[in-house]
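*Asks:* Please find the sequence and the predicted model below.
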Amino acid sequence: MIETIENLFSALQSSGFVTNLEVEPPLREVPSHIAEIPLPTQLIEFYHNVAGRIHGRYCRSLQPEDQDRFGASFLGDQLIGGPQLFSPDELISTKIEMLRWALESWVVEDADERMCWTLSIPFAAMANGDYLAFDEYEQVVYLDSDGESFILEADFGEFWEKWERLFFIGPELWMFEPFWSEYGLIIGNLENVARFREVFQSLLEPSPIS
């Protein structure tokens, strides 16, 4: 998995993308709880077997002709993305920041959202205040700071695999939206997925990522 990410970023860098990739080695010891919430089993296994932390970001401005080629599969003038996974220490500090914000915001007035934000464990953050997180059932959820939070994928491994197929685009919500199914899961719109992958791969030199 890490080799796949490293190969992707090597191709991105040689193709004119601005990139930054930091990967820390797997951890022998991982806390069992964060803020008294059990750490999801799949996250513990990821820390043990894959990486202790991943911070990857890429960016590339798109020419108008490239925007036209993406069509409805990407509605923007900059491709931005990269795999994100907090270290256990970052989980703790981010959870504190997240709770502090939630308890001082509109979330405190909404029982369902308050429960969702309180019981979740964030593993990636966005500049707009949104998070990717695990809920109390170990499902991957999108915590929306401006609206209703919702399930992205029931299984973390499935989420990561699908996100990888999308070249780790985003993970801001508007970049995921072209790939929803009627149930809100990533890669529901296979036509948009195929088009996005084809155009994205065409931007990579000297060879596309399979």
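*Replies:* Structure's in. What do you need? Residues are numbered from 1 along each chain as shown.
*Asks:* how about low-confidence regions in the protein?
*Replies:* Within the chain, the stretches with pLDDT under 70 are 206-210.
*Asks:* same thing but 80
*Replies:* 182-184, 205-210 (pLDDT under 80).
*Asks:* where do the helices sit along the chain?
*Replies:* 2-14, 41-49, 64-70, 88-102, 111-119, 156-165, 173-176, 190-202 (DSSP state H).
*Asks:* From Asn7, how far off is Gly56?
*Replies:* Using C-beta to C-beta, to the nearest Å, we find Gly56 at a distance of 12 Å from Asn7. All C-beta atoms are positioned from the backbone trio N, CA, C, and that covers glycine.
*Asks:* And those two? Which one has more around it.
*Replies:* Legend: neighbour count by other C-beta atoms under 10 Å for Gly56 and Asn7, higher for Gly56 (20 against 13).
*Asks:* ok now do the residue nearest to the more buried one when sequence neighbours are not counted, which residues does it touch?
*Replies:* In this structure, Gly56 finds its nearest non-sequential neighbour in Gly82, 3.7 Å apart by C-beta to C-beta, 6 or more residues apart in numbering. Taking C-beta atoms under 8 Å, 6 or more residues apart in numbering as the criterion, Gly82 is in contact with 19-21, 55-58, 168.
*Asks:* strand partners of the longest strand along the chain, parallel vs antiparallel please.
*Replies:* The longest strand of the chain (DSSP state E) is strand 53-61. Sheet pairing here is set by DSSP bridges, and for strand 53-61 it gives strand 18-24 (antiparallel), strand 78-81 (antiparallel), strand 84-85 (antiparallel).
*Asks:* buried set for that strand?
*Replies:* Within strand 53-61, the residues that qualify as buried are 53-58, 60, counting by 16 or more other C-beta atoms under 10 Å.
*Asks:* Give me the distance between the residue minimising distance to the centre of the chain and Arg28.
*Replies:* Residue closest to the average C-alpha location in the chain (C-alpha atoms, centre = their mean): Pro171, at 4.3 Å. As for Pro171, its distance to Arg28 is 28 Å (criterion: C-beta to C-beta).
*Asks:* what do you get for Gly76?
*Replies:* When Gly76 is compared with Arg28 (using C-beta to C-beta), they lie 41 Å apart.
*Asks:* Give me the more crowded residue out of those two.
*Replies:* Gly76 (13 against 8).
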